[in-house]
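Q: Generate a structure from the sequence data that follows.
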Amino acid sequence: MFTDLTDLQVNGFAGVDFQQDDLPLAEVQRAVHTLHAHGTARILCTLITDRVDALCRRLEHLEKLRSQCPEVAATIVGYHLEGPWLSSEPGYHGAHEPDKMVPPTSQDADRLIAASGGLVRLVTLAPEVPGADVVTAHLCSRGVRVSAGHTNADEASIDRCISAGMSLCTHLGNAVPPSLHRHDNIIQRLLARDELTAVFIPDGIHLPPPVLKNLVRAKPAGRVLFTTDCMSAAGGPPGQYIFGRHTLEVGADGVVREPGKPNFAGSSLTMDRAVENVVRFLGWSPEEAHAACSSHVNEVLGL
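A: Residues are numbered from 1 along each chain as shown. Okay, the predicted model is just below:
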């Protein structure tokens, strides 16, 4: 039984969607208790693309809840902003709403950090978005880790953001169109960057086990982390769940989909299962798998 796992991308849990406004404290406490039951001690509460004003209000409300409950504060140790500075290209934006994406500015970054009480720990952005390199440098100067995701960046854009301090890739291998050029594609461009720590979703669905094995083998030692990228279905039974403005379907196989669409929209994976899958899919030792889901995550994020 694990008690110390850290998940850097949690959009919701146990039927509770963190994208909703004015969440009651009791619901967040229920999510926290169920996270603990699955061995996850600490998370980055993850908010997806929305208007900056809306994200600020949501962060302020979550901070109010943290101030009311030490257990919630000890579990939600920071925030991961996945958007609104992502690619709006079809196939790359995933479940994020393109009409709410905007170019990044340092002023908006400062507003979001202030609304979070200084607890924005990780930002996923697309390096090709105008101004991404400038905002990456600004975020890094304030202690925020920056990760490439939902992107179709070219080599020059990736170079500029790495020079500015970008250090991770978000759910590498996903948030791409189903058909890509066999060589010149964003998975290969990011995979080749040894400077970047790659984060993978080891649910056997987002990446089939042989693909996960090949991608992990391509990274230098110590440059791999795992996350769930879970939404509110995690820790719950199959059914319909809310994720932002979407109502999603989760089958008995655990796949989370927008009705009528082929793309995945988050996962229903739990972190204890993630550790088990890393051992099973990759042949890692239990100790190695545990570290890549706990202490190594803490080190990379500076927790």
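Q: Assign the residue nearest to P209 when sequence neighbours are not counted to helix, strand or coil.
A: Closest residue to P209 in three dimensions, ignoring its sequence neighbours and counting by Cβ to Cβ, 6 or more residues apart in numbering: F281, at 4.1 Å. Every residue, glycine included, has its C-beta placed from N, CA and C. Reducing the assignment at F281 to three states with DSSP: H, G, I helix; E, B strand; the rest coil gives helix.
Q: For L212, see how far away F281 is.
A: Distance, F281 to L212, using Cβ to Cβ, to the nearest Å: 6 Å.
Q: which residues do these two both contact?
A: The overlap between the contact sets of F281 and L212 (Cβ atoms under 8 Å, 6 or more residues apart in numbering) consists of P202, G204.
Q: circling back to that earlier point, just confirm the residue nearest to P209 contacts K213, I think it does.
A: Yes. Taking contact to mean Cβ atoms under 8 Å, the distance of 6.5 Å between F281 and K213 places them in contact.
Q: quick one: which of these two has more around it?
A: Comparing F281 with K213 by other Cβ atoms under 10 Å, the one with more neighbours is F281, at 20 against 14.
Q: which residues does the more buried one contact?
A: Residues touching F281, when contacts are defined by Cβ under 8 Å, 6+ apart, comprise P202, G204, P209, L212, K213.
Q: let's go with 10 Å and repeat that
A: Contacts for F281 (Cβ atoms under 10 Å, 6 or more residues apart in numbering) come out as P202, D203, G204, L207, P208, P209, P210, V211, L212, K213, V216, A289.
Q: Likewise for G78?
A: Applying Cβ under 10 Å, 6+ apart, one finds that G78 lies in contact with 8, 42-45, 116-122, 144-145, 301-303.
Q: helix/strand/coil for it?
A: Under three-state DSSP, G78 falls in the strand class.
Q: From N298, how far off is it?
A: Relative to N298, G78 is positioned 11 Å away (criterion: Cβ to Cβ).
Q: Can you pull the residues that touch both of the two?
A: Contacts common to G78 and N298, judged by Cβ under 10 Å, 6+ apart, are L8, R42.
Q: any idea where the strands of the stretch 1-150 of the chain begin and end?
A: Secondary structure of the stretch 1-150 of the chain, counting by DSSP state E, counting those that start in this stretch: strands at 5-10, 12-13, 16-17, 40-48, 76-82, 120-125, 145-148.
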